[in-house]
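Student: just coords:
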């Protein structure tokens, strides 16, 4: 079961830039007894949404670069979803499994069974019925050996998925799994058997056809999903367009059409929003200062929301065959680098001092956040301590920079995603490190390359990037998630770090059902991670969301909530 967050907890991380549109004036409402004009059929409305990253596919479980969930949300529906209050809700099912009932049974040997019942009369976007067999088929695809294109959780803990009847999904688990009662997007998303069965069978017969299966037009330009909008058109490099889906499990969207624009330049997004050609900007398409500028120029014609965002941290590369600077394997060196990061200038430059700076990977909304704060190892900015640790690791200063006993300068590569926000951050870290005596070879990963698993995984030394904030996404440190060439570089653990103590607590977390025990296990994981430093946590990103005040519906909420989770309820005035 997932954590339920009270709205008051979310409010702690909300930057107060919310400005609602003006209330209707009394004169705008017809007076009592006034003659009203007959209703006039309105023209179909289009929601124009700007995102920074172009997705490479629309299937939630496909491993793709960049934060793509905003775009994929529009075309997909799962067994469950998280609402604006952080509460897990049923989506395409009548109800969610409840522990210690016939819908969620735990056996003495540690195995489990969960049962989901689909809502009646649901269909795919093409009108074909959605059945339990589509989930059985999806499971078979996700566990097929050699594909390496799908996130491995949680099917790696499933024994089998069965369809006792067309509306019943029976999942047998080989071990305890705490989130088994609310499987959401990226966990067990259905796949249309009527479309993919033949090409998948061809792959099973001849694995050399893997690329043919994975490049099937279904995944992109001919995508058929279950979400609020069905795909009409995909213009590569420009946009995807969709039409409101009458058969959506939560009801037909109130806005008839959707156009998702891929706009990597933030200033272009701002200009389009001010001009009225974009209604909603999200997915890192604008930065903090852009949201402030939008409010300044548009005033009551706009709404700016500051969403508590994903973890932003510096991943260290641990694969010896990839790492360029072997000294990074020395814990003393990593601790020196952590002490050499001055977060306050970063906070001022990026977020005007309002950022969510932290030493660990647990968001403030977590009920056990205070316990984590007391338990973790901290690395405050301390130039003298950084120098002491570098000296202990065998590095002394030569010409103002640390070098080995052999005279080789310590100069690790430092890769950053190509957003100006992250480039500015890298420049600040480089400047601070240089004053301490730590050199850096800065590199920028273009947005196009950031969509490729290999580019985001085979960095040579360090990579400052953003990863998801859900508890389950602590698998960024899990051995099972180490990405490699054999898996087509799919896997959330991009640095290749592993540690037996973390694995022990991670295993317990995934096989524990009681919430208090799971909280304690996360605390123990944070102790290990902050002590061993597989990376340096910097902050929880602030993700500005801006939209025209004529659009109502987008909201910020709990950490796991997408601002367009409820896009079927969006309205345009």
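Tutor: Cool, the structure landed. Keep in mind it's a predicted model, so treat the numbers as computed, not measured.
Student: Give the burial count for residue 159, as a bare number.
Tutor: Residues near residue 159, counting by other C-beta atoms under 10 Å, number 14. In this view, the C-beta of every residue, glycine as well, is placed from N, C-alpha and C.
Student: Assess the claim that it and residue 173 are in contact.
Tutor: Yes - using C-beta atoms under 8 Å, residue 159 is in contact with residue 173, at 6.2 Å.
Student: which residues touch the residue nearest to residue 120 when sequence neighbours are not counted?
Tutor: Spatial nearest neighbour of residue 120, excluding adjacent residues (C-beta to C-beta, 6 or more residues apart in numbering): residue 167 at 6.9 Å. Residues in contact with residue 167 (C-beta atoms under 8 Å, 6 or more residues apart in numbering) are 117, 118, 120, 131, 132.
Student: Just want the phi and psi numbers for residue 167.
Tutor: When quoted as degrees, to the nearest 10, the phi and psi of residue 167 stand at phi -110, psi 0.
Student: what's the residue nearest the centre of the chain in contact with, if anything?
Tutor: Centroid check for the chain by C-alpha atoms, centre = their mean gives residue 468 as the closest residue, at 3.9 Å. Residues in contact with residue 468, defined by C-beta under 8 Å, 6+ apart, are 310, 311.
Student: pLDDT score for it?
Tutor: Note on residue 468: pLDDT of 79.
Student: What distance do you get for it to residue 175?
Tutor: As judged by C-beta to C-beta, to the nearest Å, residue 468 and residue 175 stand 23 Å apart.
Student: And residue 353, by the same measure?
Tutor: Residue 353 sits 45 Å away from residue 175, taking C-beta to C-beta as the criterion.
Student: more neighbours, these two?
Tutor: Between residue 353 and residue 175, counted using other C-beta under 10 Å, residue 175 has the larger neighbour count: 14 against 10.
Student: wouldn't residue 122 be in contact with residue 130 here?
Tutor: Yes - using C-beta under 8 Å, residue 122 is in contact with residue 130, at 4.3 Å.
Student: which residues are in contact with both of those two?
Tutor: Shared contacts of residue 122 and residue 130, counting by C-beta under 8 Å, 6+ apart, come down to 92, 226.
Student: Who has more neighbours out of those two?
Tutor: Neighbour totals were compared for residue 122 and residue 130, and residue 130 leads with 22 against 18 (other C-beta under 10 Å).
Student: so what's the more buried one scoring on pLDDT?
Tutor: pLDDT, residue 130: 98.
Student: and it, what is it in contact with?
Tutor: Residues near residue 130 by C-beta under 8 Å, 6+ apart: 92, 118, 122, 123, 124, 190, 226.
Student: Touching, the second one and residue 90? I think so.
Tutor: No - counting by C-beta under 8 Å, no contact exists between residue 118 and residue 90, whose distance comes to 10.4 Å.
Student: Between the two, which is the more surrounded one?
Tutor: residue 118 (24 against 17).
Student: Now do the helices in the stretch 51-200 of the chain.
Tutor: 69-73, 132-142, 193-205 (DSSP state H, counting those that start in this stretch).
Student: Please state the offset of the last one from the chain centre?
Tutor: I take that to be helix 193-205. 29 Å (C-alpha atoms, centre = their mean, to the nearest Å).
Student: How much space separates residue 382 from residue 572?
Tutor: Applying C-beta to C-beta, the value for residue 382 to residue 572 is 53 Å.
Student: Same check on residue 545?
Tutor: Remark: distance between residue 545 and residue 572 (C-beta to C-beta) = 16 Å.
Student: quick revisit: by neighbours, which of the contacts of residue 130 wins?
Tutor: Highest neighbour count within the contacts of residue 130: residue 190, with 26 neighbours (other C-beta under 10 Å).
Student: What pLDDT is listed against it?
Tutor: On the pLDDT scale, residue 190 gets 98.
Student: hang on, it packs against residue 135?
Tutor: Yes - Residue 190 is in contact with residue 135 according to C-beta under 8 Å; the separation is 5.0 Å.
Student: Excluding chain neighbours, what is closest to residue 340?
Tutor: Closest to residue 340 by C-beta to C-beta, 6+ apart is residue 386, at 4.2 Å.
Student: sorry, back to before: mind putting the contacts of residue 130 in JSON lines, distance to residue 492 included?
Tutor: As requested, the contacts of residue 130 are exported to JSON lines (distance: C-beta to C-beta, whole Å):
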{"residue": "92", "distance to residue 492": "25"}
{"residue": "118", "distance to residue 492": "29"}
{"residue": "122", "distance to residue 492": "30"}
{"residue": "123", "distance to residue 492": "33"}
{"residue": "124", "distance to residue 492": "29"}
{"residue": "190", "distance to residue 492": "22"}
{"residue": "226", "distance to residue 492": "25"}
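Student: which one of those residues is nearest residue 453?
Tutor: Closest approach between the contacts of residue 130 and residue 453, by C-beta to C-beta: residue 190, at 23.6 Å.
Student: Strands of the stretch 451-573 of the chain, residue ranges please.
Tutor: Assigned strands in the stretch 451-573 of the chain, in chain order: 462-467, 535-548, 551-552, 571-572 (criterion: DSSP state E, counting those that start in this stretch).
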